[in-house]
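>>> I'll drop the sequence and a predicted model, then ask my questions.
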Amino acid sequence: MFAYNTESHQFSESEVAELIKKQQQRERKIKPVLDDIRLAKRINYDAAREEAIKQLEEQLQKIETDFTSNEMDYPRKLFLIENCIYGVDIQPVAVQISKLRFFILLIVEQTVNDDALNRGILPLPNLETKFIAANTLMGIERPAQLLLRDSRIEEKEKQLKEARHQFFKA
């Protein structure tokens with residue numbers, strides 16, 4: 001991508017840093033898929049092997065398409081919305097406005113391609129569990145025994161986290 005020479009190039013230092021960062025992110029996403037493809041090529045069963053390779057190559061193509069067709073802020077914002085942002089308001093209208101603002105935030109970051117399926121626009125996430133209307137000023141009473149950690153509770157929390165992730169992608 002870049003070579004050392006004495007001639008100057010057309011990129012500023014910040015652009016060079018951004019290009020290098022983008023390439024590193026791309027390589028981090030592609031490496032596990034390539035490893036899986038190499039593993040699938042070692043499988044002895046021809047039909048299963050070909051199907052596994054086909055699925056992994058489709059996954060690799062999707063990663064490539066996502067990186068070339070969308071701005072870099074889209075995956076970052078999607079990650080932050082899914083894992084870091086929750087909203088509670090007593091007014092349902094305020095909750096709806098928040099959801100709308102996040103939808104607009106994500107739509108703006110996508111690149112429109114008239115030739116692609118759905119014009120190249122990725123489906124928007126499900127925000128129904130991220131923003132809710134509720135009264136947060138009401139306290140709850142917790143019995144003293146709830147302060148102790150239980151492995152069953154931890155397992156249920158893991159299951160809940162996975163269910164939230166699946167619901168977000170639905």
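Looks like it arrived, so ask away. Residues are numbered from 1 along each chain as shown.

>>> Check which helices and strands the top helix by length along the chain sits against.
The residue-count maximum for a helix in the chain (DSSP state H) belongs to helix 13-41. If you count contacts as 3 or more Cβ pairs under 8 Å, 6 or more residues apart in numbering; DSSP states H and E, helix 13-41 packs onto helix 46-69. Using the backbone N, CA and C atoms, a C-beta is placed for each residue, glycine as well.

>>> pull the CA atoms of stretch 162-170 into PDB?
Taking C-alpha atoms only, stretch 162-170 is exported to PDB below (Å, rounded to 0.1, in the frame of the first residue of the first chain):
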ATOM      1  CA  GLU A 162     -26.900 -13.600  24.000                       C
ATOM      2  CA  ALA A 163     -30.700 -13.200  23.600                       C
ATOM      3  CA  ARG A 164     -30.300  -9.400  23.600                       C
ATOM      4  CA  HIS A 165     -27.600  -9.700  20.900                       C
ATOM      5  CA  GLN A 166     -29.900 -11.900  18.800                       C
ATOM      6  CA  PHE A 167     -32.900  -9.600  19.300                       C
ATOM      7  CA  PHE A 168     -30.800  -6.600  18.300                       C
ATOM      8  CA  LYS A 169     -29.900  -8.300  15.000                       C
ATOM      9  CA  ALA A 170     -33.500  -9.400  14.300                       C
END
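
>>> Give me the mean pLDDT for that stretch.
What stretch 162-170 shows for mean pLDDT is 81.
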